[in-house]
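J.: Got a predicted structure here, sequence first:
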Amino acid sequence: MTNWITKQELKTAKSMASEIFQDFNRAYCHQEGEQTWTEIQINGKFFDVECFDDYMDKPRTDTYCAIYPVYPTKCGKYMETDGGNWVRLFTLKDDSLMGLVINKEVNNGPI
């Protein structure tokens, strides 16, 4: 497990990110780009949910969703994403949300 998100926070994040990821993958979705970032808050902590499409085809295929920690900057006025730490939450390998795979991939070791 990572030191920046607890198991319970990860469970809550997966629930919140599931809807974000499903919207990203819908054929009628207004999202035109290859990537979206959505900030979520859990227990007073901030996280960024990234959805990414490898091929930008419609309907979307080969997409994934990951979560990153977000911290205040040293001056405290802004927030920044820690791109060095992330957990992959979902992977979609075909154009059906039935192909959704729940991942246990972390960039710095297994969950």
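T.: Here it is on my side, so go on.

J.: Can you show me the helices along the chain?
T.: 7-25 (DSSP state H).

J.: Would you list the phi and psi of Glu34?
T.: Dihedral angles of Glu34 (phi, psi; degrees, to the nearest 10) stand at phi -90, psi -10.

J.: Backbone dihedrals for the residue of the chain most remote from its centre, both of them.
T.: Distance from the C-alpha centroid of the chain peaks at Cys75, with 26.5 Å (CA atoms, centre = their mean). As for Cys75, its main-chain torsions (degrees, to the nearest 10) stand at phi -80, psi -20.

J.: quick one, what contacts it?
T.: With contact set as CB atoms under 8 Å, 6 or more residues apart in numbering, Cys75 has no partners. (Glycine included, C-beta is placed from N, CA and C.)

J.: Could I get the average pLDDT for stretch 53-68?
T.: Averaging pLDDT along stretch 53-68 gives 78.

J.: Span of it from start to end?
T.: 17 Å (CA to CA, to the nearest Å).

J.: Begin at 283, not 1, for the rest of this chat.
T.: All right, first residue 283 from here; so that's stretch 335-350.

J.: pull the helix or strand with minimum mean pLDDT from the chain.
T.: strand 382-388 (a mean of 50; mean pLDDT, DSSP states H and E).

J.: Now Ala299. Nearest residue, chain neighbours left out?
T.: With sequence-adjacent residues excluded and distances taken as CB to CB, 6 or more residues apart in numbering, Ala299 is closest to Val331, at 4.7 Å.

J.: my guess is that neighbour contacts Ser297, does it?
T.: No: between Val331 and Ser297 there is no contact under CB atoms under 8 Å: 11.5 Å.
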